[in-house]
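# Sequence first, then the predicted structure:
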Amino acid sequence: DGEFQWDGIGEDCLVQIKLSGPTIAMRDALIVAREMSNMLAFKHLMKDGDYTHYGASPTIVASPTQPITGMVVDSESGMPLKGIKVVLSRIGKSLWGSEQITATTNDEGGFELNGAPLGGGHGIEVHPSSELPYFDTQFELPLSSNAVPLQCKLELRKTKWIHGRVTDEAGRPVAAKLNY
């Protein structure tokens, strides 16, 4: 029935909760522990979001999610890449990041991100482990006005490994810090 109860909150305290579920867009909600009418606290000029402060008995409308499904593959061979972290790094055209929705690719390179709001235009980052010869890469998804899952194929280009050695003038190995 969508109801929730949270006991033990001090009177007049402001609580930030995170709403998420398989069919709704992830979002935050701000609740004040007292009976009051809903109130828009402020409109942030740079960060998207709903800054409504709800009273202690809120009805919060959850928006539907737009699932993002896809594959991560090697750009040259087309082979799927497993164990790659995929992050919804930006919601729509927002200027602020969001790294709360993540997935890891399966054996077939597939992933699914749930919790993104409708609209598309989201930013995705792909983070291979340091044992894999691929760069962290960013992608932008197309805009979309319907609830059909956004499907994408994310192609990663192999990096070049550099193998070297640092020695003193006599050829003995020495400790060194490498920066690039």
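Done, it's in. Numbers count the residues shown, from 1 in each chain.
# After the helix or strand hosting V73, which helix or strand is next? Please name it.
Secondary structure assigned from DSSP states H and E places V73 in strand 68-74. Using DSSP H and E, the helix or strand that follows strand 68-74 in sequence is strand 85-90.
# Just the endpoints, please. Distance across stretch 78-89?
One end of stretch 78-89 to the other measures 24 Å (CA to CA, to the nearest Å).
# How about that stretch, which residues are buried there?
By neighbour count with 16 or more other CB atoms under 10 Å, stretch 78-89 contains the buried residues P80, L81, I84, K85, V86, V87, L88, S89. Backbone N, C-alpha and C define where each C-beta goes, glycine included.
# out of these, which one sits closest to T52?
Of all the buried residues of stretch 78-89, T52 sits closest to L88, with 23.0 Å by CB to CB.
# How about the closest one, nearest residue that isn't a chain neighbour?
Nearest-residue entry for L88: I101, 4.0 Å, with adjacent residues in sequence omitted and distances by CB to CB, 6 or more residues apart in numbering.
# Just send the buried residues of stretch 78-89 back as CSV, with pLDDT too.
As requested, the buried residues of stretch 78-89 are exported to CSV (pLDDT from 0 to 100):
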residue, pLDDT
P80, 97
L81, 96
I84, 96
K85, 96
V86, 96
V87, 94
L88, 92
S89, 89
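# What number of residues are in the vicinity of the nearest residue to P22 once chain neighbours are set aside?
Residue nearest to P22 in three dimensions, not counting chain neighbours: N114, with 5.9 Å by CB to CB, 6+ apart. If you count neighbours by other CB atoms under 10 Å, N114 ends up with 20.
# Please apply the same query to M26.
Using other CB under 10 Å, M26 has 20 other residues around it.
# does it count as helix, strand or coil?
With DSSP: H, G, I helix; E, B strand; the rest coil as the basis, M26 sits in strand.
# Now it: closest residue in space, sequence neighbours ignored.
Leaving aside its sequence neighbours, M26 sits nearest to G115 (CB to CB, 6+ apart; 3.6 Å).
# try S20
Excluding the flanking residues, the one nearest S20 by CB to CB, 6+ apart is M26, at 4.4 Å.
# That neighbour touches H122, doesn't it?
No. Contact criterion CB atoms under 8 Å: M26 and H122 do not qualify, at 12.0 Å.
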